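**Student:** Attaching a predicted model along with its sequence, questions to come.
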Amino acid sequence: MSRTLVTGLWAATWLLACNTGGYTSLGKNDGSDASATPSGLAWPSGTNADDLARLNAWATYRGRANDVALVITDYTSWDGVARPEALLARFAEFVGTLVIAQPFWPSHSGGSLSDCAAGAYDAQWKDFGALLQAHGRGRSIVRLAWQFNGDDVEWSAREPVTFIACFQHVVSAIRTGTPGVVIDWSMGAHGASEPPSGDHSMRTPATASWMSWASTHST
């Protein structure tokens, strides 16, 4: 009998693990601390959104507040990646936690894992960390180099040792400005290779599963 893989609203499905008990700023993921989440659920939940109006529309539709909002920076330039002022301003009134998808470097900018691992982008990531702190988002979750175990992203972990060094550099640089940030180690669920192991830099493992994939595949 087939079992169709289904996830809603193309957003990532988070597998909450490790000693953190899930997204630590929102409480445990074991059902014991539901009052800690704005939704009243025993786990943090929400959706992706381009702006606050769409996020609020989802909350109205489901009859519960959003605990988290998955957003993505304009990763076509360093201004969009390291200094996303407009993005943070759009969600200034959101009381929950932002999950911010970030690449290692802007797309089509000539970036590389080796340059990243050597610290070439540290200054930019320090700016990003300081900006989160300045906007009161020091407990945000950064979904860093999402789907890195696939072949369709520039930051693909084809060179695991260099990837890990790059990952550590970026995390360390962000945390110079906002030490409380949570790092989401987010791999792709479909058609991807074995990911490199995480370490102390990673706080929240995750996997991304997409509705467009689920509609055409079953097991």
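**Tutor:** That came through fine.

**Student:** What ranges does this structure have for its strands?
**Tutor:** 46-48, 68-72, 97-102, 141-144, 182-188, 204-208 (DSSP state E).

**Student:** Okay, now the unreliable bits of the chain?
**Tutor:** Along the chain, segments meeting pLDDT under 70 span 1-36, 189-219.

**Student:** rerun at 90
**Tutor:** 1-38, 42-44, 146-152, 157-158, 185-219 (pLDDT under 90).

**Student:** just the helices in it please.
**Tutor:** 52-62, 78-82, 85-90, 113-117, 122-134, 160-177, 211-214 (DSSP state H).

**Student:** tell me what the first one is packed against?
**Tutor:** Going back to what we said before, that points to helix 52-62. When contacts are defined as 3 or more Cβ pairs under 8 Å, 6 or more residues apart in numbering; DSSP states H and E, helix 52-62 packs onto strand 46-48. Bear in mind the C-beta positions are built from the backbone N, C-alpha and C, glycine included.

**Student:** show me what contacts residue 122?
**Tutor:** By Cβ atoms under 8 Å, 6 or more residues apart in numbering, the residues touching residue 122 are 169-170, 172-173.

**Student:** same question but for residue 154, I mixed them up
**Tutor:** Counting by Cβ under 8 Å, 6+ apart, residue 154 has contacts 103-105, 107-108, 111.

**Student:** go with 7 Å
**Tutor:** 107, 111 (Cβ atoms under 7 Å, 6 or more residues apart in numbering).

**Student:** coming back round to it: pull out the buried members of the contacts of residue 122.
**Tutor:** Buried subset of the contacts of residue 122 (neighbour count, 16 or more other Cβ atoms under 10 Å): 169-170, 173.

**Student:** Name the nearest of those residues relative to residue 41.
**Tutor:** residue 170 (31.2 Å; Cβ to Cβ).

**Student:** Test my guess that that closest one contacts residue 148.
**Tutor:** No. Using Cβ atoms under 7 Å, residue 170 is not in contact with residue 148, being 11.8 Å away.

**Student:** that older thread, grab the two from the contacts of residue 122 that are most spread out in space.
**Tutor:** Every pair of those checked by Cβ to Cβ; the farthest is 170 and 172, at 7.4 Å.

**Student:** Report the contact partners of the nearest residue to residue 176 once chain neighbours are set aside.
**Tutor:** Leaving aside its sequence neighbours, residue 176 sits nearest to residue 126 (Cβ to Cβ, 6 or more residues apart in numbering; 5.2 Å). When contacts are counted by Cβ under 7 Å, 6+ apart, residue 126 touches 173, 176-177.

**Student:** Relative to residue 174, how far out is residue 126?
**Tutor:** 7 Å (Cβ to Cβ, to the nearest Å).

**Student:** Also residue 121?
**Tutor:** Taking Cβ to Cβ, one finds residue 121 at 11 Å from residue 174.

**Student:** Could you report the neighbour count for the closest residue to residue 157 other than its chain neighbours?
**Tutor:** Among residues not flanking residue 157 along the chain, residue 163 sits closest, at 4.0 Å (Cβ to Cβ, 6+ apart). Residues near residue 163, counting by other Cβ atoms under 10 Å, number 22.
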